[in-house]
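>>> take this sequence and fold it.
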Amino acid sequence: MSLLRRWFDPIRSSWFYQKPIRQEVLSIDQGLTIHLRLDDVYSYLAVQQLPQLEEILIEELKPLKVIISDKAAEPPNNMSAMEWQNYCLNDAKILSKQHRFSFHEAPEQPTEEALKQAEVILKNTPLRGQDFLYLLEDVFHMLWQKQYGKLRTLYAMASQHHKVQNFEERIFNNDEVLTGYFQFADRKYHAVDDLLRLTRRLKRQNLLTDNPIFLINHIEWREHLISDAEELNEIQGLDPELDLYIALEDPISWLLLAYIKEELANYYNIQLKIYPLSYQGRDQFDWSLATRLSKRTEVAFTPFCRPTETSTINMAKLFYSVPEEQQIDAIYHILKAVWTEGKDLSYASHLNELMHDLDIKELTDLDVRSKLQENDIHCEMKSQPNFPVLDLRVDEQSYVFNSLYRVWMIESIFSNVLEHRYKSESNTDSELK
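Numbering: from 1, shown residues only. Next up is the predicted model:
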């Protein structure tokens, strides 16, 4: 690691935290915008919240600006178009169940003909404001609930009785959009995952006329879904296992591991196993995102030096130099030293200090690069768009998901497992009677 990077990163981190103005108030000059795609399933979930959001916006933010694109961005993490499509449909189905969105039991991508008809309807309608948002929601329902008969009828009316409208709050373009998102000032908010963050921001700036009530089943950080002693014992008795595939240079790996180890592992008796990955280039991360997530998860994060590829190899050597039963504590200690104490493990003094702390006499003679590449292959087979990748096994079922945004799924899955077991026991009792 260069001297500039080694010493400038902690200084920059300290400056970021201490600078007097961190945009506590964002400009409302550009209003509030949502970017959508008619063939994006996350956009479908998002539009179900828009009429309610529009209703509580102050007049200065009305009407909500809607930009609809007909061009999809390239899938993330080198996924194929089909892998990404299948992932999105499955993930949206999970979100819809958790947050009670309307959703089809067997969702499919809308047909090209249906998408063209929907675009004509939305371009030609004279409706504006909240009335347009209700129509937008209805059109998305028709697309994603396979209500093509209704869509054709509405299309016939729109094409015969109306012409293209030109409203500044309704734009159609071909910008590349991966998934639906809100834009407020210069910030982007994922249409579903960041909805609560957006409404907290709007409320803090007094831009809402009433309390926002969205995603009522959202599980907050460090608030457990299961607290009943009997239910907790039942989950603990199932000996759940959780594999984590982490990029060592990614601060999100530290935030996720720390949160799970401190808050979930012992509580639910989760058997953790860590699979470090080869260098993924994730040291070029979003500083504001990482610091915000550290505050939300209550996991320390600064000061730090971003690990380089050389550093990650040394981190992996430390990890594989301790007995397997000590590896969870070891990786926790290593990542904590890197991301909260600014340890640079390409620097011999810092490496030796960690070796002493972990009681390592000699580094492993294992071919660490080959081991990391082996982990890469197993991780790639999970077909996930982001890191870290989590593989949870409980009650003879396996569940794969990713990123800090989906940690809530661990407790949600446990709750669903209990509900399924209780229903099975109830049905068995009824049959015996």
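>>> and for residue 175, nearest residue in space, chain neighbours not counted?
Among residues not flanking residue 175 along the chain, residue 69 sits closest, at 4.9 Å (CB to CB, 6 or more residues apart in numbering). For glycine as for every other residue, the C-beta is placed from the backbone atoms N, C-alpha and C.
>>> which helices and strands sit right next to the helix or strand hosting residue 197?
Per DSSP states H and E: residue 197 is located in helix 195-204. Applying 3 or more CB pairs under 8 Å, 6 or more residues apart in numbering; DSSP states H and E, one finds that helix 195-204 makes contact with strand 181-184, strand 187-190.
>>> ranking the ones you listed by burial, who's on top?
strand 181-184 (a mean of 21; mean count of other CB atoms under 10 Å).
>>> with only the CA atoms kept, save it in PDB.
Extracted as PDB, the C-alpha positions of strand 181-184 are listed here (Å, rounded to 0.1, in the frame of the first residue of the first chain):
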ATOM      1  CA  TYR A 181     -35.000   4.200  -7.700                       C
ATOM      2  CA  PHE A 182     -36.000   7.500  -6.200                       C
ATOM      3  CA  GLN A 183     -33.800  10.600  -6.700                       C
ATOM      4  CA  PHE A 184     -33.800  13.500  -4.200                       C
END
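>>> so how far is the longest helix along the chain from its chain's centroid?
The longest helix of the chain (DSSP state H) is helix 408-432. Remark: helix 408-432 is offset 27 Å from the chain centroid, using CA atoms, centre = their mean, to the nearest Å.
>>> and for stretch 290-297?
13 Å.
>>> ok, now stretch 68-79?
Centroid separation for stretch 68-79 versus its chain: 16 Å, with CA atoms, centre = their mean.
>>> for it, what is the average pLDDT?
Across stretch 68-79, pLDDT averages out at 96.
>>> for it, buried residues please.
Within stretch 68-79, the residues that count as buried by 16 or more other CB atoms under 10 Å are 68, 69, 72, 75, 77, 79.
>>> which one of the residues you listed is nearest to residue 247?
The closest of these to residue 247 turns out to be residue 77 (CB to CB; 11.2 Å).
>>> in contact with that closest one, which residues?
By CB atoms under 8 Å, 6 or more residues apart in numbering, residue 77 lies in contact with 384, 385, 386, 387.
>>> nearest to residue 283, of the buried residues of stretch 68-79?
residue 77 (16.6 Å).
>>> from residue 386, how far off is that closest one?
6 Å (CB to CB, to the nearest Å).
>>> what does residue 253 give?
12 Å.
>>> show me which of the two is the more surrounded one.
residue 253 (25 against 14; other CB atoms under 10 Å).
>>> could I get the helices and strands packed on helix 195-204 as CSV with distance to residue 359 and mean pLDDT?
Below are the helices and strands packed on helix 195-204 laid out as CSV (distance: least, CB to CB, whole Å; pLDDT from 0 to 100):
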stretch, distance to residue 359, mean pLDDT
strand 181-184, 47, 98
strand 187-190, 43, 95
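>>> save the ones you listed as TSV, and put in distance to residue 310 too.
Output for the helices and strands packed on helix 195-204, formatted as TSV (distance: least, CB to CB, whole Å):
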stretch	distance to residue 310
strand 181-184	36
strand 187-190	33
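>>> looking at those, which is closest to residue 203?
Using CB to CB, these put strand 181-184 closest to residue 203, at 12.5 Å.
>>> do you have the strands of the chain handy? List them.
32-37, 65-72, 170-177, 181-184, 187-190, 241-247, 271-277, 389-394, 397-402 (DSSP state E).
>>> residues making contact with the second one?
Under the criterion CB under 8 Å, 6+ apart, residues 31-40, 115, 119, 122, 132-133, 136, 168-178 lie in contact with strand 65-72.
>>> mark which of these are buried, thanks.
By 16+ other CB under 10 Å, the contacts of strand 65-72 give 31-40, 115, 119, 122, 132-133, 136, 170, 177-178 as buried.
>>> quick check: mean pLDDT across stretch 264-279?
Stretch 264-279 comes out at a mean pLDDT of 98.
>>> what comes up buried for that stretch?
264, 265, 267, 268, 270, 272, 274, 275, 276, 277, 278, 279.
>>> any regions of the protein where pLDDT drops low?
Within the chain, the segments meeting pLDDT under 70 span 1-23, 303, 427-433.
>>> the closest residue to residue 159 other than its chain neighbours: neighbouring residues, count only.
Closest residue in space to residue 159, ignoring its immediate chain neighbours: residue 120 at 5.7 Å, by CB to CB, 6+ apart. Close neighbours of residue 120, defined as other CB under 10 Å, add up to 16.
>>> quick one: contacts for residue 120?
Contacts of residue 120 by CB under 8 Å, 6+ apart are 155, 158, 159.
>>> roughly how far apart are it and residue 249?
48 Å.
>>> over to residue 323?
25 Å.
>>> out of these two, which sits in the busier spot?
More neighbours surround residue 249 than the other of residue 323 and residue 249, with 22 against 7 (other CB under 10 Å).
>>> now the more buried one, what are its backbone angles?
With angles defined as degrees, to the nearest 10, residue 249 sits at phi -90, psi 0.
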